[in-house]
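In: Could you work out the structure for the sequence below:
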Amino acid sequence: MSQLKQLITNDMKLALKAQDKSALKAIRMILGAIKQKEIDERIDLDDTQVMAVIQKMVKQRKDSISQFSDAGRTDLVEVEEAELSIINNYMPKQLSEAEIEAAVDKAISDSGADSMKDMGKLMGILKGQLDGQADMGLVSKLIKSKLS
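Out: Below you'll find the model as predicted:
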(Lines give C-alpha, C1' and ligand atoms only; values in the text may rest on other atoms or scores of the structure.)
Protein backbone atom coordinates (compact mmCIF):
# COMPACT_ATOMS: atom_id res chain seq x y z
CA MET A 1 0.00 0.00 0.00
CA SER A 2 1.32 3.43 -0.87
CA GLN A 3 2.32 5.73 1.96
CA LEU A 4 -0.19 8.38 0.90
CA LYS A 5 -3.04 5.86 0.83
CA GLN A 6 -1.97 4.62 4.27
CA LEU A 7 -1.97 8.21 5.57
CA ILE A 8 -5.49 8.76 4.23
CA THR A 9 -6.68 5.49 5.79
CA ASN A 10 -5.19 6.48 9.16
CA ASP A 11 -6.86 9.90 8.90
CA MET A 12 -10.17 8.14 8.27
CA LYS A 13 -9.73 6.16 11.49
CA LEU A 14 -8.97 9.38 13.39
CA ALA A 15 -12.04 11.08 11.92
CA LEU A 16 -14.14 8.09 12.96
CA LYS A 17 -12.87 8.29 16.53
CA ALA A 18 -13.38 12.06 16.63
CA GLN A 19 -16.85 11.68 15.09
CA ASP A 20 -16.03 14.37 12.51
CA LYS A 21 -18.73 13.59 9.96
CA SER A 22 -17.71 16.10 7.28
CA ALA A 23 -14.05 15.02 7.32
CA LEU A 24 -15.07 11.37 7.38
CA LYS A 25 -17.32 11.86 4.36
CA ALA A 26 -14.59 13.58 2.35
CA ILE A 27 -11.91 11.05 3.30
CA ARG A 28 -14.19 8.15 2.41
CA MET A 29 -14.82 9.84 -0.93
CA ILE A 30 -11.07 10.00 -1.56
CA LEU A 31 -10.57 6.37 -0.59
CA GLY A 32 -13.53 5.39 -2.76
CA ALA A 33 -12.04 7.14 -5.78
CA ILE A 34 -8.66 5.46 -5.16
CA LYS A 35 -10.31 2.04 -4.77
CA GLN A 36 -12.35 2.58 -7.95
CA LYS A 37 -9.18 3.37 -9.90
CA GLU A 38 -7.47 0.28 -8.47
CA ILE A 39 -10.40 -1.92 -9.45
CA ASP A 40 -10.72 -0.39 -12.93
CA GLU A 41 -7.04 -0.88 -13.71
CA ARG A 42 -6.55 -4.03 -11.58
CA ILE A 43 -3.45 -2.65 -9.88
CA ASP A 44 -2.37 -1.26 -6.52
CA LEU A 45 -1.77 2.47 -6.97
CA ASP A 46 1.55 3.98 -5.97
CA ASP A 47 1.89 7.45 -4.44
CA THR A 48 2.12 9.16 -7.85
CA GLN A 49 -1.07 7.53 -9.07
CA VAL A 50 -2.87 8.27 -5.80
CA MET A 51 -1.79 11.90 -6.17
CA ALA A 52 -3.26 11.96 -9.69
CA VAL A 53 -6.61 10.77 -8.30
CA ILE A 54 -6.52 13.47 -5.63
CA GLN A 55 -5.62 16.14 -8.20
CA LYS A 56 -8.59 15.09 -10.30
CA MET A 57 -10.85 15.41 -7.26
CA VAL A 58 -9.49 18.90 -6.52
CA LYS A 59 -10.19 19.97 -10.11
CA GLN A 60 -13.72 18.55 -9.92
CA ARG A 61 -14.42 20.44 -6.69
CA LYS A 62 -13.11 23.72 -8.13
CA ASP A 63 -15.29 23.29 -11.23
CA SER A 64 -18.32 22.50 -9.07
CA ILE A 65 -17.69 25.53 -6.87
CA SER A 66 -17.58 27.86 -9.87
CA GLN A 67 -20.73 26.35 -11.38
CA PHE A 68 -22.64 26.47 -8.11
CA SER A 69 -21.49 30.06 -7.54
CA ASP A 70 -22.75 31.06 -10.98
CA ALA A 71 -26.10 29.41 -10.18
CA GLY A 72 -26.32 31.18 -6.81
CA ARG A 73 -26.29 27.95 -4.80
CA THR A 74 -24.27 29.08 -1.79
CA ASP A 75 -25.36 26.04 0.22
CA LEU A 76 -23.72 23.69 -2.28
CA VAL A 77 -20.67 25.97 -2.61
CA GLU A 78 -20.07 25.65 1.15
CA VAL A 79 -20.25 21.84 0.97
CA GLU A 80 -17.82 21.69 -1.95
CA GLU A 81 -15.41 24.13 -0.28
CA ALA A 82 -15.41 22.06 2.90
CA GLU A 83 -14.60 18.92 0.89
CA LEU A 84 -11.92 20.79 -1.05
CA SER A 85 -10.20 21.97 2.12
CA ILE A 86 -9.98 18.38 3.38
CA ILE A 87 -8.80 17.03 0.01
CA ASN A 88 -6.15 19.76 -0.18
CA ASN A 89 -4.58 18.37 3.00
CA TYR A 90 -3.18 15.54 0.87
CA MET A 91 -1.82 17.76 -1.90
CA PRO A 92 1.80 18.97 -1.88
CA LYS A 93 2.45 22.62 -1.03
CA GLN A 94 1.17 24.78 -3.87
CA LEU A 95 3.62 27.16 -5.53
CA SER A 96 2.91 30.88 -5.63
CA GLU A 97 2.20 32.60 -8.93
CA ALA A 98 5.67 34.19 -8.82
CA GLU A 99 7.33 30.78 -8.40
CA ILE A 100 5.27 29.36 -11.27
CA GLU A 101 6.18 32.32 -13.47
CA ALA A 102 9.88 31.80 -12.66
CA ALA A 103 9.58 28.13 -13.64
CA VAL A 104 7.86 29.10 -16.91
CA ASP A 105 10.57 31.67 -17.69
CA LYS A 106 13.29 29.10 -16.98
CA ALA A 107 11.62 26.48 -19.18
CA ILE A 108 11.27 28.98 -22.04
CA SER A 109 14.94 29.99 -21.82
CA ASP A 110 16.17 26.38 -21.42
CA SER A 111 14.16 25.05 -24.35
CA GLY A 112 14.66 28.06 -26.62
CA ALA A 113 10.90 28.35 -27.19
CA ASP A 114 9.90 31.45 -29.10
CA SER A 115 6.42 30.87 -30.51
CA MET A 116 3.11 29.21 -29.77
CA LYS A 117 4.31 26.18 -31.76
CA ASP A 118 6.47 25.32 -28.75
CA MET A 119 3.52 25.33 -26.32
CA GLY A 120 3.19 21.52 -26.19
CA LYS A 121 6.89 21.05 -25.57
CA LEU A 122 6.85 23.59 -22.74
CA MET A 123 3.75 22.08 -21.15
CA GLY A 124 5.44 18.67 -21.25
CA ILE A 125 8.54 20.00 -19.51
CA LEU A 126 6.58 21.94 -16.89
CA LYS A 127 4.06 19.18 -16.18
CA GLY A 128 6.90 16.98 -14.99
CA GLN A 129 8.35 19.73 -12.82
CA LEU A 130 5.20 21.28 -11.38
CA ASP A 131 2.82 18.33 -11.28
CA GLY A 132 0.72 18.57 -8.13
CA GLN A 133 2.30 21.84 -7.06
CA ALA A 134 0.64 24.17 -9.56
CA ASP A 135 -2.62 24.60 -11.42
CA MET A 136 -1.70 23.60 -14.97
CA GLY A 137 -4.40 25.94 -16.32
CA LEU A 138 -2.50 28.86 -14.80
CA VAL A 139 0.76 27.49 -16.23
CA SER A 140 -0.84 27.31 -19.67
CA LYS A 141 -2.13 30.87 -19.39
CA LEU A 142 1.33 32.14 -18.38
CA ILE A 143 3.00 30.34 -21.29
CA LYS A 144 0.49 31.79 -23.75
CA SER A 145 1.01 35.33 -22.43
CA LYS A 146 4.80 34.98 -22.69
CA LEU A 147 4.89 33.42 -26.15
CA SER A 148 2.31 35.63 -27.86
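In: Now I86. Nearest residue, chain neighbours left out?
Out: Excluding the flanking residues, the one nearest I86 by C-beta to C-beta, 6 or more residues apart in numbering is A26, at 4.0 Å. Bear in mind the C-beta positions are built from the backbone N, C-alpha and C, glycine included.
In: Now name the helix or strand holding that neighbour.
Out: In this structure, A26 sits in helix 21-41 according to DSSP states H and E.
In: Please enumerate the strands of this structure.
Out: Secondary structure of the chain (DSSP state E): no strands present.
In: For stretch 24-31, list every residue counted as buried.
Out: With burial defined by 16 or more other C-beta atoms under 10 Å, the residues of stretch 24-31 counted as buried are L24, A26, I27, I30, L31.
In: quick check, nearest of those to A82?
Out: Of all the buried residues of stretch 24-31, the one with the least separation from A82 (C-beta to C-beta) is A26, at 7.3 Å.
In: surely that closest one meets E83?
Out: Yes - applying C-beta atoms under 8 Å as the test, A26 and E83 come out as touching, 4.6 Å apart.
In: hey, what's in contact with both of the two?
Out: With C-beta atoms under 8 Å, 6 or more residues apart in numbering applied, the contact sets of A26 and E83 do not overlap.
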